[in-house]
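Enquirer: What would the 3D arrangement of this be:
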Amino acid sequence: MKRMNLRDVPDDVYGALTSAAEAKRQSLSAYVVDRLAEIAEVTRLADYVSAYRVPEESGVTLEEATAAVRQVREAS
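Expert: Sure, this is the predicted structure:
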């Protein structure tokens, strides 16, 4: 695993992170690593979605598929 040092963290940000870590009963380091992992996952997912191309032979647009998913979610 790699090490990372952060500099110039504003006091209010540090305080918020410390409080959140305490509430989750985690060390500050573990809490920040968990949040960074979430950001990395979202970044990878965003890259995938932006690069995704709908198969042309399906005849379904991304907008139509999105609308169908939303309709099912709202009906649940």
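
Enquirer: Please make it C-alpha for all contacts and neighbour counts, starting now.
Expert: OK.

Enquirer: longest helix anywhere in this structure?
Expert: With secondary structure taken from DSSP state H, the chain has its longest helix at helix 28-51.

Enquirer: which helices and strands does that one pack with?
Expert: Judged by 3 or more CA pairs under 8 Å, 6 or more residues apart in numbering; DSSP states H and E, helix 28-51 is in contact with helix 11-23.

Enquirer: ok, back up a step: list the neighbours of the longest helix of the chain that are in contact with it.
Expert: Residues from elsewhere that reach helix 28-51 (CA atoms under 8 Å, 6 or more residues apart in numbering): 17-18, 20-22.

Enquirer: what stretches of this protein score poorly on pLDDT?
Expert: Counting by pLDDT under 70, the chain shows low-confidence ranges at 54.

Enquirer: Tell me which residue lies nearest the centroid of it.
Expert: The chain has V42 as the residue nearest its centroid, 3.3 Å off, counting by CA atoms, centre = their mean.

Enquirer: coming back round to it: and the longest helix of the chain, how far from the chain's centre?
Expert: Distance of helix 28-51 from its chain centroid, counting by CA atoms, centre = their mean, to the nearest Å, is 5 Å.

Enquirer: what angle do it and helix 11-23 make?
Expert: Here the directions of helix 28-51 and helix 11-23 differ by 100 degrees (axes from the mean of the first three to the mean of the last three CA atoms, to 10 degrees).

Enquirer: What helices and strands are in contact with the next helix or strand after helix 28-51?
Expert: Reading on from helix 28-51 to the C-terminus, the next helix or strand found by DSSP states H and E is helix 62-75. Applying 3+ CA pairs under 8 Å, 6+ apart, one finds that helix 62-75 contacts no other helix or strand.

Enquirer: hmm, back to that, buried residues in the longest helix of the chain, which are they?
Expert: Buried positions in helix 28-51, judged by neighbour count with 16 or more other CA atoms under 10 Å: 28, 31-32.

Enquirer: Any chance of those in TSV with distance to S50 as columns?
Expert: Converted to TSV, the buried residues of helix 28-51 look like this (distance: CA to CA, whole Å):
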residue	distance to S50
L28	33
Y31	29
V32	27
